[in-house]
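Undergrad: Using only what follows, build the 3D model:
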Amino acid sequence: MDSGQPTSSTPPLYTPPPPPPPAPSFAPAAVAPGMFGTSIPSTVSFVVAVLLFFLPFSEIRCGSTSFMNQTGLGFALGQEWKLSGGYGKDMLKEMDSKTGEKKTGNAQYFIIAAFALGVIGILFSVTGGKTGSRLGLVSGIAGAGVLIAFMFDVKKWFNEGMAKQAAEKASSGTDSLGLDKLGDVKLSLAFTPWFYIALVAFLAASFFCYRRMPAFKT
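TA: Predicted coordinates:
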């Protein structure tokens, strides 16, 4: 029986709004490695070190005047020192005979090793990956170390030759090298700025290889 009252109906269940669409995902842009993350600095440093071998590395001076010099490549090839006159050539031969060594002792082997390490360093620098950078780092440090050993060996050769010449002159009163013609001027051995720049270039190449390694994840 209808009482005339409106019938109550069950309210509809609550329907939540649809979830918002997912925000578009954007991959972050790759961070540029920068100059230190490339092979350019280390490669240039190794190239500079190798090219400097074609310039004079060492000089024999009479006072402040250089009258004999030798390039890094000349040391490696066992060439004669470049001379400004015949006197220097005779002196060099006498020094070789007195030190009992051909040319400049073991310096030739050291300079060959340094040159080879420079070339190897170039190859490792242009090789991608952390391994190439690590090997370039080792090549640069080893190249600098060998150049230092070369410097000490040449100094030892020169000092021994001059010491034996002085002892011979004191005992016999004669000067087989003819150094008495120079009066009181003393001969000296010096290394040129090109040698020291090559040494710094090897160390710089090692530093740049080290700075490059973080650019590689593995």
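
Undergrad: In this structure, what residue spans correspond to helices?
TA: Listed in chain order, the helices of the chain (DSSP state H) span 40-51, 72-77, 86-99, 107-125, 130-172, 193-212.

Undergrad: Can you flag the weakest of the ones you listed by average pLDDT?
TA: Out of the helices of the chain, helix 86-99 stands lowest, with a mean of 53 (criterion: mean pLDDT).

Undergrad: State the distance from residue 52 to residue 37.
TA: Using C-beta to C-beta, to the nearest Å, residue 52 is found at 26 Å from residue 37. (C-beta placed from N, C-alpha, C; glycine too.)

Undergrad: Might one say that residue 106 is in contact with residue 152?
TA: No: with the criterion set as C-beta atoms under 8 Å, residue 106 and residue 152 do not qualify as a contacting pair; they are 10.1 Å apart.

Undergrad: okay, those two: which has more neighbours?
TA: Looking at residue 106 and residue 152 with other C-beta atoms under 10 Å, you find the greater number of neighbours at residue 106, namely 15 against 11.

Undergrad: Would you mind listing the residues in contact with the more buried one?
TA: When contacts are counted by C-beta atoms under 8 Å, 6 or more residues apart in numbering, residue 106 is found next to residue 153.

Undergrad: again, only this time at 10 Å
TA: For residue 106, the contacting residues are 149-150, 153-154, 156-157, taking C-beta atoms under 10 Å, 6 or more residues apart in numbering as the criterion.

Undergrad: Residue 52 and residue 37: which is more packed in?
TA: A side-by-side neighbour count of residue 52 and residue 37, using other C-beta under 10 Å, places residue 52 first with 23 against 16.

Undergrad: Nearest spatial neighbour of that one, chain-adjacent residues omitted?
TA: Across the structure, with C-beta to C-beta, 6 or more residues apart in numbering as the measure, the residue nearest residue 52 apart from its sequence neighbours is residue 198 (4.1 Å).
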